[in-house]
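In: model the structure of this input:
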Amino acid sequence: MKVLVTGGAGYIGSHVVMHLIEQGYDPVIIDKIAHAQAIFSKVKDKVEVINGDLGDRDFLDSVFKKNSFEAVLHFAGSIEAGHSMKDPSAFFQNNVVNGINLLDMMIKHKVKKIIFSSSAAVYQAKNGLLAETDTLAPENFYGETKLKFERLLGWYNKIYGIQFVCLRYFNASGAGYGLGEKHEPETHLIPLILEAAQGKRDYLKVFGSSYATPDGTCVRDYIHVLDLARVHLLALEKIGEVPQIYNVGTGKGHSVHEIIKLAEEVTGKKIPILEAPAREGDAAHHVADPASIQKAWGWKAEHDIRSIIRSAWEFHQKENRCNR
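Out: Down below sits the predicted model:
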């Protein structure tokens, strides 16, 4: 099966591409070249990596004309929640308008299946586990753009028969295939902690210490990127005429301070911290109820938080050695 992977050179997308290759799929990547270096050495001579922007409809049209895709896996988009509160227009363009461009090309070239990389940010936060039936009320504009595209998919299903699966990730973490999490700038907790452990930053900023959680810091559900890779291939097998929307998480939450402590145990390093004000748009508690996907597909996360941190630490140590 030939599949288009938008954002396939990014953190999650690249791990999914590696898993697709392993399982005999034929992926084609569209990504901006600035983010593609990590995947090049892994997939050269195996996968076509095309430098391009989903905002360019003529470019998209040319890619679809040259390939007979059976499905699309859509990862491309802006992801930093804090930045979405400062530049909502850019987020809307990248996450919604460019997504419409992609859907329109799918219709034009008769590609009927799409797996969408959505987010737990679509929910209104609550202290308990978040289920798919819970209130959809994003606390930042990033989550709003993900929810808008989910709703667009619903209409494209009704009007054009587009088949879709929305996977609402919680916090993607960890590393595999010699790839790992390396954003510019980095905003995610675990890589920031590990950079502090390596002395690449003087301290880790802890944003907010008076949330309504046991230790006052934000609680999140961390899901290994290899578990995410596995669920995407399952989605390709399970996609059908009835739209499917599932949480992808572990059902277990960990606070910022818990993650710091675990990272200190894994790395053997003391993590220096600096208390900082809470950030706008950060929810206190975001933990998945994964019961629906477990019941429907028999899927559950295989990796725990210690495995996530250990794999990420191995990646960061290797990167550090390679950059010396």
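
In: mind listing the strands for this structure?
Out: Taking DSSP state E, the strands of the chain run over residues 2-6, 26-31, 48-51, 71-74, 113-119, 163-169, 171-173, 204-207, 219-220, 222-224, 244-248, 254-255, 273-276, 285-286.

In: okay, these in TSV with mean neighbour count, mean pLDDT and distance to His188 next?
Out: Where you see a C-beta, it was placed from the backbone N, CA and C, and this is true even at glycine. Output for those, formatted as TSV (neighbours: other C-beta atoms under 10 Å; pLDDT from 0 to 100; distance: least, C-beta to C-beta, whole Å):
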stretch	mean neighbour count	mean pLDDT	distance to His188
strand 2-6	23	97	21
strand 26-31	23	94	19
strand 48-51	16	90	24
strand 71-74	26	98	20
strand 113-119	24	97	13
strand 163-169	23	97	12
strand 171-173	24	95	7
strand 204-207	18	95	12
strand 219-220	24	96	10
strand 222-224	25	97	10
strand 244-248	23	98	17
strand 254-255	20	97	14
strand 273-276	13	94	16
strand 285-286	21	91	14
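
In: which secondary element of this structure has the worst mean pLDDT?
Out: helix 37-43 (a mean of 62; mean pLDDT, DSSP states H and E).

In: elements contacting the biggest helix by length in the chain?
Out: As assigned by DSSP state H, the longest helix anywhere in the chain is helix 141-160. Applying 3 or more C-beta pairs under 8 Å, 6 or more residues apart in numbering; DSSP states H and E, one finds that helix 141-160 contacts helix 81-84, helix 88-92, helix 98-108, strand 113-119, strand 163-169.

In: hmm, Gly143 and Glu80 touching each other?
Out: No. Taking C-beta atoms under 8 Å as the definition, Glu80 is not a contact partner of Gly143, at 12.0 Å.

In: quick one: which of the two has more around it?
Out: Gly143 (23 against 17; other C-beta atoms under 10 Å).

In: and the gap between that one and Asn157?
Out: Gly143 is 21 Å from Asn157, where distance means C-beta to C-beta, to the nearest Å.

In: cool, Leu262 as well?
Out: Relative to Asn157, and taking C-beta to C-beta, Leu262 is found at 41 Å.

In: same question for Ile30.
Out: Ile30 is 23 Å from Asn157, by C-beta to C-beta.

In: where in the stretch 151-300 of the chain is pLDDT low?
Out: Along the stretch 151-300 of the chain, no part satisfies pLDDT under 70.

In: redo that, cut-off 80
Out: 182-186, 280-281 (pLDDT under 80).

In: show me this structure divided up by domain.
Out: The chain is divided into the following domains under automatic domain parsing: 2-173+222-248, 189-220+252-322.

In: I'd like those domains as TSV, with distance to Glu181 appended.
Out: Below are these laid out as TSV (distance: least, C-beta to C-beta, whole Å):
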stretch	distance to Glu181
domain 2-173+222-248	5
domain 189-220+252-322	5
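
In: deepest of these, which one?
Out: Neighbour counts averaged per stretch over the domains of the chain are highest for domain 2-173+222-248, at a mean of 19; criterion: mean count of other C-beta atoms under 10 Å.

In: end to end on that domain, go ahead and measure it.
Out: 25 Å (C-alpha to C-alpha, to the nearest Å).

In: same thing with stretch 274-287?
Out: 25 Å.

In: can you list contacts of it?
Out: Identification of contacts with stretch 274-287 by C-beta atoms under 8 Å, 6 or more residues apart in numbering yields 81-82, 84-85, 120-121, 123, 125-130, 139-142, 170-171, 203-213, 218-221, 249, 251-253.

In: likewise for stretch 299-318?
Out: By C-beta under 8 Å, 6+ apart, the list of residues contacting stretch 299-318 reads 173-176, 178-181, 190-191, 194-195, 197-198, 222-224, 226-227, 230-231, 234, 249-250, 252, 254, 259, 262-263, 266-267, 290, 293-294.

In: please repeat the previous calculation with a cut-off of 6 Å.
Out: For stretch 299-318, contacts defined as C-beta atoms under 6 Å, 6 or more residues apart in numbering pick out 173-175, 180, 190, 194, 222-224, 227, 231, 234, 250, 254, 262-263, 266-267, 293-294.

In: just the ones of the residues you listed in helices?
Out: 190, 194, 227, 231, 234, 262-263, 266-267, 293-294.
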